[in-house]
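1. Build the 3D model from these lines:
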Amino acid sequence: MPIIETHDLWKTYVMGTEEIHALRGVSISIDKGEYVAIMGPSGSGKSTLMNLIGCLDTPSQGSYLLNGKQVSQMNDNELAHIRNQEIGFVFQTFNLLPRASALHNVELPLIYAGMPSKQRQQRAREALIKVELENRMTHRPNELSGGQRQRVAIARALVNDPSILLADEPTGNLDSKTGVEIMNLFERLYAAGNTIILVTHEPDVAAHAKRVISIRDGQIEKDVKQAA
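-> Model prediction:
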């Protein structure tokens, strides 16, 4: 069964007297364990699609099934639960708390989930070990390199064992060598069974995925499986 299924998704913004169609009838199906890049130039609609997949926004029309459940029928509490438990977000800007240690930053989603402290710390430690930061757990973001900060952000996204890892331009703020390290980390996470959706405008980043969905002017232009 697909983990993500969208049918005829539209997203329309009204700006004054003008209607802007950010998405125009997007239908995609993504299976559990896939590694997919959503690619397109700036303004193509890829970020809008990411926001809909991540339940950060709602479509103007069309349907979205996540794990077989209709997202439009969920209430605010159910959506908040999905954003915290089902989807792990990785952003270009890391979004870490500056005064908190790496461990505490990774613990945050578990605090929101109401998990007891001891269990929380154990889970956060395991997530940091997965991204090879076991020797940096007590460091604050300003004591870490850009690549290490992004690893903390990825550990935080993984800590709830989400159905989907959703990464928006994850190498955008990193130099090319560090970017390659982060992409190698995604490769290992995919090999371990994680479902990864990567949003990018960079072909060399998209090349790491096993399938590339290209978006232009709010529509799917190409959907190509890549050779391993």
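
2. If you count neighbours, what's buried in whichever helix in the chain runs longest?
-> The single longest helix within the chain, with elements called by DSSP state H, is helix 176-191. Residues of helix 176-191 classed as buried by neighbour count (16 or more other C-beta atoms under 10 Å): 178, 179, 180, 182, 183, 185, 186, 189, 190. All C-beta spots, glycine's among them, are computed from the backbone N, C-alpha and C.

3. With stretch 47-63 instead?
-> Applying 16+ other C-beta under 10 Å to stretch 47-63 flags 47, 48, 49, 50, 51, 52, 53, 54, 55, 59, 62 as buried.

4. quick check, nearest of those residues to residue 116?
-> Among these, residue 55 lies closest to residue 116 (C-beta to C-beta), at 26.5 Å.

5. and that closest one, what does it touch?
-> Residue 55 makes contact with 66, 71, 74, 79, 82, 83, 87, according to C-beta atoms under 8 Å, 6 or more residues apart in numbering.

6. a markdown table for these, including neighbour count?
-> Output for these, formatted as a markdown table (neighbours: other C-beta atoms under 10 Å):
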| residue | neighbour count |
| --- | --- |
| 66 | 21 |
| 71 | 20 |
| 74 | 15 |
| 79 | 15 |
| 82 | 20 |
| 83 | 17 |
| 87 | 21 |
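
7. can you put the residues you listed in CSV and add distance to residue 10 and pLDDT?
-> As requested, the contacts of residue 55 are exported to CSV (distance: C-beta to C-beta, whole Å; pLDDT from 0 to 100):
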residue, distance to residue 10, pLDDT
66, 18, 94
71, 15, 92
74, 19, 91
79, 19, 90
82, 21, 90
83, 22, 88
87, 22, 94
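
8. Narrow the residues you listed to those in helices?
-> residue 79.

9. which one among the buried residues of helix 176-191 gets closest to residue 132?
-> Nearest member of the buried residues of helix 176-191 to residue 132, counting by C-beta to C-beta, is residue 185, at 7.7 Å.

10. Now for the residue lying closest to the closest one once chain neighbours are set aside: which residues touch it?
-> Nearest non-adjacent residue to residue 185, counting by C-beta to C-beta, 6 or more residues apart in numbering: residue 131, 6.2 Å away. Residues in contact with residue 131 (C-beta under 8 Å, 6+ apart) are 151, 152, 154, 155, 158, 185.

11. Identify, from those residues, the entry nearest to residue 30.
-> Closest to residue 30, out of all of the contacts of residue 131 and judged by C-beta to C-beta, is residue 158, at 18.4 Å.

12. Find the nearest non-adjacent residue to the closest one, please.
-> Nearest non-adjacent residue to residue 158, counting by C-beta to C-beta, 6+ apart: residue 127, 4.9 Å away.
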